[in-house]
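Asker: got a predicted model here, sequence first, then my questions.
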Amino acid sequence: MTDTDDLWIDDKVDITNPPEHCGTPMKVWEEAGGYRLVCRDDDLELSTDAGGIITEPPLVRE
């Protein structure tokens, strides 16, 4: 399981086994050209391409 604190642009995440944040695996939604991963408490969001490569800086909401 990947530590979400270490994820950044060009890192790869396993969409079939998403990283955990807030104690549970992140939710995965398919979107145009890739995926969006969002934590249970909606305070961390990742965008990836179709291969699971992060395409934008992680969005952190406080």
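Answerer: Cool, the structure landed.
Asker: who are the packing partners of the lowest-mean-pLDDT helix or strand in the chain?
Answerer: Taking mean pLDDT, DSSP states H and E as the measure, strand 59-60 is the helix or strand of the chain with the lowest mean score, a mean of 86. Strand 59-60 makes packing contacts with strand 44-49 when contacts are defined by 3 or more Cβ pairs under 8 Å, 6 or more residues apart in numbering; DSSP states H and E. For the C-beta atoms, the positions are set from N, CA and C on the backbone; glycine is no exception.
Asker: and Ile9, what does it touch?
Answerer: By Cβ atoms under 8 Å, 6 or more residues apart in numbering, the residues touching Ile9 are Ile54, Thr55, Glu56, Pro57.
Asker: what's the ChimeraX syntax to select whichever of those are buried?
Answerer: Burial among these is assessed by 16 or more other Cβ atoms under 10 Å; the matching ChimeraX selection reads:
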select :54
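Asker: format the contacts of Ile9 as JSON lines; extra columns: secondary structure and pLDDT.
Answerer: Formatted as JSON lines, the contacts of Ile9 follow (DSSP: H, G, I helix; E, B strand; the rest coil; pLDDT from 0 to 100):
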{"residue": "Ile54", "secondary structure": "strand", "pLDDT": "97"}
{"residue": "Thr55", "secondary structure": "coil", "pLDDT": "96"}
{"residue": "Glu56", "secondary structure": "coil", "pLDDT": "92"}
{"residue": "Pro57", "secondary structure": "coil", "pLDDT": "89"}
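Asker: how about JSON lines for the contacts of Ile9, with distance to Asp43 added?
Answerer: Formatted as JSON lines, those follow (distance: Cβ to Cβ, whole Å):
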{"residue": "Ile54", "distance to Asp43": "17"}
{"residue": "Thr55", "distance to Asp43": "20"}
{"residue": "Glu56", "distance to Asp43": "16"}
{"residue": "Pro57", "distance to Asp43": "15"}
